[in-house]
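# Below are the sequence and a predicted model for it; my questions follow.
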Amino acid sequence: MTSRYDTKIGAFDWDLNMQLHHRGGRQLCSQEYRHWRTTGVAFTWMECDFSKPNRSFVTGVFPNGKSYLHYGYLGDILTGPFAAYGLECEDKEFLKSSNGQNVHRATDVTERNLMQIFHELETQDKYSHHKVNDYILGPAGFQLPQERVVDSYGGGFEKCVGKCFAPDDVTITFVSLSKMALMKNKDQLKNRFSIIYFASEYIKHFDVDLVRHLASTGCLLFIENKLFNPSVRNEELQKFSEEILNVAEPISSLTAPFDCTKDFYAKFLIKSNS
């Protein structure tokens with residue numbers, strides 16, 4: 001290892017090129033990934049001036065005798081929000097490359113995918129994307145400033161957010177983790193869900209009785225893979241794959257072969273209670 005990898009920028013480059021790119025994240029450009037790891041700001045556009053910090057990175061550390069008390073997130077978020085909507089796209093034009101570089105960034109793909117989702121939710125009509133050449137910024141087409149964003153306003157205020165649209169047939173309910181165990185005792189939730197999704201970090205909370213209680217006939221179960229966590233090695237991915245199969249096997253069956261080194265999630269069909 002040379003001095004090039006003896007800095008945090010070199011570590012960022014290693015995580016991206018040796019881990020994320022090999023696991024299906026080639027749409028993520030080095031410039032936007034470095035900016036995310038350095039500043040905590042994931043999505044940037046040339047014509048925008050960022051005037052507010054990412055408050056999810058606010059932390060506090062206080063002396064407490066021989067130890068310290070702390071709140072907030074003190075680690076390093078390796079992946080960022082790019083994997084959710086920034087790696088795949090129905091419009092293959094957004095996935096093209098030129099001279100070994102992506103024509104569009106994961107940021108651009110994310111914007112395009114979210115525009116499609118919001119349009120189709122609101123209008124119930126198929127989305128047709130209109131190309132705007134000014135948005136093709138390329139992976140390294142501009143110089144990012146080195147200054148850190150600071151909040152110049154110290155006070156707090158309430159902001160009234162209006163609804164963009166309100167679909168009649170959609171309801172979103174947020175339930176805390178502490179209340180999840182109580183859901184299997186609620187009759188109004190029995191056989192209510194046609195899709196159940198478990199994030200990779202919540203697999204330890206997988207409850208067979210809870211899933212069986214919530215699932216309707218033909219319910220699909222998705223369990224997220226740890227594919228886009230650069231700190232997880234291939235051997236650990238294999239162990240996690242075995243854990244997924246072990247917890248889900250009693251009540252479900254795989255709908256397709258699951259490859260822990262390639263697939264974003266494992267997909268199961270919940271078995272009938274009868």
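Right, received. Where do you want to start? Quick caveat: nothing in here was measured; it's all calculated off a predicted structure.
# Contact partners for Trp36?
By CB atoms under 8 Å, 6 or more residues apart in numbering, the residues touching Trp36 are Ala42, Gly80, Phe82. Every C-beta, even on glycine, is put in place using the N, C-alpha and C of the backbone.
# try 10 Å this time
12, 28, 42-44, 54, 77-82, 106-107 (CB atoms under 10 Å, 6 or more residues apart in numbering).
# Which parts of the chain are strands?
Remark: strands assigned in the chain by DSSP state E are 59-64, 67-72, 97-98, 101-102, 193-198, 215-224, 252-254, 265-270.
# Using CSV, lay out those together with mean neighbour count.
Below are the strands of the chain laid out as CSV (neighbours: other CB atoms under 10 Å):
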stretch, mean neighbour count
strand 59-64, 9
strand 67-72, 10
strand 97-98, 10
strand 101-102, 17
strand 193-198, 15
strand 215-224, 18
strand 252-254, 17
strand 265-270, 19
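# Could you dump those strands into CSV with mean pLDDT added?
Shown next, in CSV, are the strands of the chain (pLDDT from 0 to 100):
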stretch, mean pLDDT
strand 59-64, 80
strand 67-72, 77
strand 97-98, 90
strand 101-102, 91
strand 193-198, 92
strand 215-224, 93
strand 252-254, 90
strand 265-270, 94
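# would JSON lines of those strands with distance to Gln19 be doable?
As requested, those are exported to JSON lines (distance: least, CB to CB, whole Å):
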{"stretch": "strand 59-64", "distance to Gln19": "25"}
{"stretch": "strand 67-72", "distance to Gln19": "26"}
{"stretch": "strand 97-98", "distance to Gln19": "19"}
{"stretch": "strand 101-102", "distance to Gln19": "17"}
{"stretch": "strand 193-198", "distance to Gln19": "23"}
{"stretch": "strand 215-224", "distance to Gln19": "17"}
{"stretch": "strand 252-254", "distance to Gln19": "26"}
{"stretch": "strand 265-270", "distance to Gln19": "18"}
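# For Phe118, which of these is the nearest?
Within the strands of the chain, the stretch nearest Phe118 is strand 193-198; the backing value is 20.0 Å (CB to CB).
# name the helices or strands packed onto the closest one?
helix 208-214, strand 215-224, helix 234-248, strand 265-270 (3 or more CB pairs under 10 Å, 6 or more residues apart in numbering; DSSP states H and E).
# ok so, going back, of the strands of the chain, give the one that comes closest to Ile172.
strand 193-198 (13.2 Å).
# now that closest one against strand 265-270, angle please.
140 degrees (axes from the mean of the first three to the mean of the last three CA atoms, to 10 degrees).
# Return the member of the contacts of Trp36 nearest to Thr173.
Pro81 (22.7 Å).
# is it true that Arg112 touches Lys92?
No - using CB atoms under 10 Å, Arg112 makes no contact with Lys92, being 11.8 Å away.
# between these two, which one's more packed in?
Using other CB atoms under 10 Å, the more surrounded residue of Arg112 and Lys92 is Arg112, with 22 against 7.
# tell me the contacts of the more buried one?
By CB under 10 Å, 6+ apart, the neighbours of Arg112 are Tyr85, Gly86, Cys89, Glu90, Asp91, Glu93, Phe94, His104, Tyr127, His129, Lys131, Tyr135.
# Roughly how far does it sit from Ala83?
Remark: distance between Arg112 and Ala83 (CB to CB, to the nearest Å) = 16 Å.
# coming back round to it: for His35, which of the helices and strands packed on strand 193-198 is the nearest?
strand 215-224 (25.2 Å).
# Lovely, talk soon.
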